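Peer 1: fold the following.
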Amino acid sequence: MRKNILAAGIAAAALFPTFAFAQHACDQQHDNRVLGTVAGAGVGALAGSAVAGRGDRTAGAVIGGVAGAIIGNQVTKGSADCAHAYGYYDGNGMWHATRVSRGDAQGYYDRSGAWVSGAPNGYYDGQGRWISATSDASASGYYDSNDRWVPASANGYYADNGQWVGGAASGYYREGRWVAGPATGRYDASGRWISGEASGHRDANGVWVADAQPGYYDSDGRWRAGEVRGYYDGRGRWVAMSGYANAAYDNGPSAGGPRDFQSRVERLERRIQSGMNDGSLNRMEANRAMRELTAIRRDEARMPHRRGQLNRRDEMRIQSRLDNLRSSIRLAREG
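Peer 2: Numbering: from 1, shown residues only. Below you'll find the model as predicted:
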């Protein structure tokens, strides 16, 4: 009878929901194990009581509860040890750093809760897909002043005390030279580094979104003007982010402008017309810009579409041409 009760407790606990396997937040795993232990004990006790005879229900509940608690505790313990995690990504793709020592860190939890060996080397694109970077592992991130590991692609992160650290970077360029080390700030339109809070905003879900940068330094340390999305790895090499349209918002993300092709074309058309009206664009500049905009619109229409969408390569090509056009209009108006 005892064997039957014990088997029932184990079987019932095995049916305990395994939602905790998907938990990646290291600070949640302890709570999950407590919950799993309690729930497993409850389910096991009920099963043990049901299997036992009328006179043995109390003993059955005790035996089944013990078996269920053990199984529930093990089921919810997670697939990797958080004492060896660089950190983890939450469901929004935001990085949460830990204070695990450099010698102990072995991997991290991705946004789906899966354990991944090694430090993160890449980023989540606008659709939440993981894009691996070609940078070598040693340049994939950096340690902040409190010895917390941070991916180079993170434009901010949560410290181990839960505090948000915004505008983080693995270094910055000063007079064309890479200065390695944790830094916060942004570049102006001329490529000058401005220390302090980075430009950006929080979206409707409270997720920090960094604004597109006004340019980037290439591998020769030369400033390339024009709005782009990307980041510098730990050695100062620019990594362009695919899955994000460069200059995705012609009026900046905080203005809430859409990123689709037709909306961008219409806004650029209005900007050209506005430039003609206020005299910031002469007739030659305006006509040249309008011809280029017409050519971009024609070429986009000729490209193959699937369910109304271009493939990634064609999308990036078209968006890049719109970026260049917008930059030329801006420079003409500012000049």
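Peer 1: any stretches of the chain with poor pLDDT?
Peer 2: Counting by pLDDT under 70, the chain contains low-confidence residues at 1-81, 202-207, 242-260, 330-335.
Peer 1: helices of that one, start to end?
Peer 2: Here the chain has its helices, by DSSP state H, at 2-14, 26-51, 57-75, 261-278, 283-302, 312-334.
Peer 1: for the stretch 51-200 of the chain, just list every one of the strands.
Peer 2: For the stretch 51-200 of the chain, the strands defined by DSSP state E, counting those that start in this stretch cover 85-89, 95-97, 107-109, 115-117, 122-124, 130-132, 141-143, 149-151, 156-158, 164-166, 168-174, 177-187, 193-195, 200-202.
Peer 1: which elements pack onto the third one?
Peer 2: The one in question is strand 107-109. strand 85-89, strand 115-117 (3 or more Cβ pairs under 8 Å, 6 or more residues apart in numbering; DSSP states H and E). Placement of C-beta: from N, CA and C, glycine included.
Peer 1: go through the shortest one and flag the buried ones.
Peer 2: Along strand 115-117, the positions that meet the burial threshold by neighbour count (16 or more other Cβ atoms under 10 Å) are W115, V116.
Peer 1: direction included, what does it pair up with?
Peer 2: When sheet partners are counted by DSSP bridges, strand 115-117 sits next to strand 107-109 (antiparallel).
Peer 1: list the buried ones in stretch 93-102?
Peer 2: For stretch 93-102, a neighbour-count test (16+ other Cβ under 10 Å) marks G93, M94, W95, H96, A97, T98, V100 as buried.
Peer 1: return the closest of those residues with respect to Q319.
Peer 2: Among the buried residues of stretch 93-102, G93 lies closest to Q319 (Cβ to Cβ), at 21.2 Å.
Peer 1: these two touch, right, that closest one and Y124?
Peer 2: Yes. With contacts counted by Cβ atoms under 8 Å, G93 reaches Y124, the gap being 3.9 Å.
Peer 1: common neighbours of those two, please.
Peer 2: Common neighbours of G93 and Y124, using Cβ atoms under 8 Å, 6 or more residues apart in numbering, are R111.
Peer 1: circling back to that earlier point, right, so of the helices and strands packed on strand 107-109, which gets closest to V179?
Peer 2: Nearest of the helices and strands packed on strand 107-109 to V179, taken as Cβ to Cβ: strand 85-89 at 23.7 Å.
Peer 1: contacts for that closest one, please.
Peer 2: 24-26, 95-98, 100, 105-111, 119-120, 124, 141, 148-150, 157.
Peer 1: just so I know, which of the strands of the stretch 51-200 of the chain lies nearest R235?
Peer 2: Taking the strands of the stretch 51-200 of the chain one by one with Cβ to Cβ, strand 177-187 is closest: 7.2 Å.
Peer 1: tell me which strands the closest one pairs with, and in which orientation.
Peer 2: The strands that strand 177-187 pairs with in its sheet are strand 168-174 (antiparallel), strand 193-195 (antiparallel) (by DSSP bridges).
Peer 1: bridged to the closest residue to W164 other than its chain neighbours, which residues?
Peer 2: Setting aside the residues directly before and after it, W164 is nearest to Y158 in space (Cβ to Cβ, 6 or more residues apart in numbering), at 5.9 Å. Per DSSP bridges, the residues bridged to Y158 are H96, W164.
Peer 1: so what's the residue count around Y158?
Peer 2: 18 (other Cβ atoms under 10 Å).
Peer 1: quick check: end-to-end length of stretch 297-311?
Peer 2: Start-to-end span of stretch 297-311 (Cα to Cα, to the nearest Å) is 16 Å.
Peer 1: now do the contacts for the residue nearest to M276 when sequence neighbours are not counted.
Peer 2: Distance criterion Cβ to Cβ, 6+ apart; nearest residue to M276, sequence neighbours excluded, is A286 at 4.7 Å. Counting by Cβ under 8 Å, 6+ apart, A286 makes contact with I272, Q273, G275, M276.
Peer 1: using JSON lines, lay out those residues together with distance to S320.
Peer 2: Conversion of the contacts of A286 to JSON lines gives the following (distance: Cβ to Cβ, whole Å):
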{"residue": "I272", "distance to S320": "19"}
{"residue": "Q273", "distance to S320": "23"}
{"residue": "G275", "distance to S320": "22"}
{"residue": "M276", "distance to S320": "25"}
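Peer 1: between these, which sits nearest L310?
Peer 2: I272 (23.5 Å).
Peer 1: that closest one and M303, how far apart?
Peer 2: Distance, I272 to M303, using Cβ to Cβ, to the nearest Å: 23 Å.
Peer 1: and these two? Which one has more around it.
Peer 2: Each of I272 and M303 had its neighbours counted (other Cβ under 10 Å), and the higher figure belongs to I272 (23 against 13).
Peer 1: ok, that one touching L293?
Peer 2: Yes. Counting by Cβ under 8 Å, L293 is a contact partner of I272 at 7.1 Å.
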